[in-house]
Every structure is written in structure tokens, then in C-alpha cells.
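Enquirer: Sequence and predicted structure are below.
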Amino acid sequence: MPVIIDIYPECKNITVYTEGAHLHSTKWQKILKDIWKVKSNFTAYTTGADLVFDLFRYAQDNIPSHTRFLHSGSVWDEALTLFMHNMNHGGVSINEQALQEYHTTLIDVIKRLKNKINNYSYYLTDFGRKKDGTTPHVFSGSPKLLYNAMQDDVPLADWISQAISGKNTVDIGSRFVL
């Protein structure tokens with residue numbers, strides 16, 4: 001990120017956005033160092049089991065203070081529940097334990113991000129919940145979902161647009177975090 005800031009030093013409207021990126025695991029430090037070969041200036045920030053939290057902390061400390069941080073996702077994400085369960089326990093099945101572990105750790109990281117990251121807003125939804133309890137993985141790649149009012153009568157596209165146009169964003173789906 002600092003490289004982009006060096007290219008556009010006059011930019012006053014910076015938004016960092018991630019969608020469907022929660023994977024809680026104690027294996028991140030090993031993956032970053034041994035598999036991805038990430039530079040030590042970033043791995044110094046990877047102290048916990050929530051990579052999104054560590055990425056946002058790194059960004060907050062290395063880019064301008066007026067940067068906005070956005071995070072969206074579905075609270076019972078099918079793909080991430082499967083992947084996280086496999087990463088931490090092996091196997092690729094959806095069960096109540098896997099769903100609850102994903103949901104609980106997602107809500108925990110959202111709360112920590114809200115407390116530690118300046119200008120942070122989230123958009124959480126349970127839109128499209130299936131019979132097995134899961135929700136779709138991402139929404140921004142589907143125009144039908146991106147422009148649909150999935151949560152609190154606010155389309156994801158409108159929420160993102162507010163932020164990138166420099167307006168203050170509100171947290172959407174706060175009922176999940178209470």
C-alpha cells in the first residue's frame with residue numbers, strides 16, 4: 001500500500017475495502033512466512049489468528065490517517081466456513097460447529113476492528129440464507145446482489161458508493177454484532 005501512496009501523494013480520498021475475507025486460524029504466521037514468503041515489515045503485524053485484523057492494522061499504520069476502511073461479508077458464509085473448517089480441523093463439510101465457529105470469530109473480529117481501526121465501517125448480511133444455514137460467499141461480483149437491498153434496506157453498492165465519494169458510512173447489519 002505505501003507504494004500506491006507514493007504514486008498518488010495528493011490523493012485525499014482513500015478507501016480500503018475487503019469483502020468475504022474472514023478466515024480465523026492460528027496457522028497464518030507460518031503460512032505468511034514459509035509459504036507466501038511475506039516481508040518481515042508486514043509479518044511483524046501478524047500477531048493473531050485474524051489476518052484481516054492484522055492487514056487493517058498494518059494499513060492504518062502505513063497509509064494516511066484519513067483512509068476509510070470498509071469490510072463486508074455474509075455472516076454464515078458457505079465458502080469461508082468450509083475453507084476455515086478445513087484449514088483448522090480438516091475435512092470439508094458444513095456442520096453446526098463449523099458454522100458457529102465461523103460466525104463467532106467473524107463477529108469477534110468485527111468488534112475488534114471497530115474498536116481499533118479508525119474510520120472503519122462494516123456491512124454484514126444474512127441475505128440468501130439456505131436450508132443448510134449458509135449464506136453466499138460474496139455479493140459485489142453479482143450485479144443482482146450488489147444492487148439489491150440485502151440488509152437494513154441498503155444495497156451494498158450504495159454503501160460502498162457513499163464511502164468512496166467521501167461521505168461518512170454507517171455500519172450495516174449491526175444487529176449481528178450486538
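Expert: Done, it's in.
Enquirer: got a list of what Ser93 touches?
Expert: Leu82, His85 (CB atoms under 8 Å, 6 or more residues apart in numbering). The way it works is simple: take the backbone N, C-alpha and C, and place the C-beta from them, glycine included.
Enquirer: Roughly how far does it sit from Lys37?
Expert: Using CB to CB, to the nearest Å, Ser93 is found at 32 Å from Lys37.
Enquirer: And for His22?
Expert: From His22 to Lys37 the distance is 23 Å (CB to CB).
Enquirer: More neighbours: those two, which one.
Expert: With neighbours defined as other CB atoms under 10 Å, His22 and Lys37 compare such that His22 has more, 25 against 8.
Enquirer: Make sure the more buried one is indeed in a helix.
Expert: No. Applying DSSP: H, G, I helix; E, B strand; the rest coil, one finds His22 to be coil, outside a helix.
Enquirer: Double-check it against Gly73; I have them as touching.
Expert: Yes. In this structure, His22 is within contact of Gly73 by CB atoms under 8 Å, at 6.1 Å.
Enquirer: Need the residues touching each of those two.
Expert: Common contacts of His22 and Gly73 (CB under 8 Å, 6+ apart): Leu80, Leu106.
Enquirer: How are the helices of this protein distributed by residue range?
Expert: 2-7, 28-30, 40-43, 51-62, 78-89, 96-116, 143-146, 156-164 (DSSP state H).
Enquirer: Quick one: those helices as CSV, columns for distance to Arg129 and mean neighbour count too.
Expert: Output for the helices of the chain, formatted as CSV (distance: least, CB to CB, whole Å; neighbours: other CB atoms under 10 Å):
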stretch, distance to Arg129, mean neighbour count
helix 2-7, 37, 9
helix 28-30, 28, 16
helix 40-43, 35, 12
helix 51-62, 22, 18
helix 78-89, 10, 18
helix 96-116, 11, 17
helix 143-146, 13, 13
helix 156-164, 16, 17
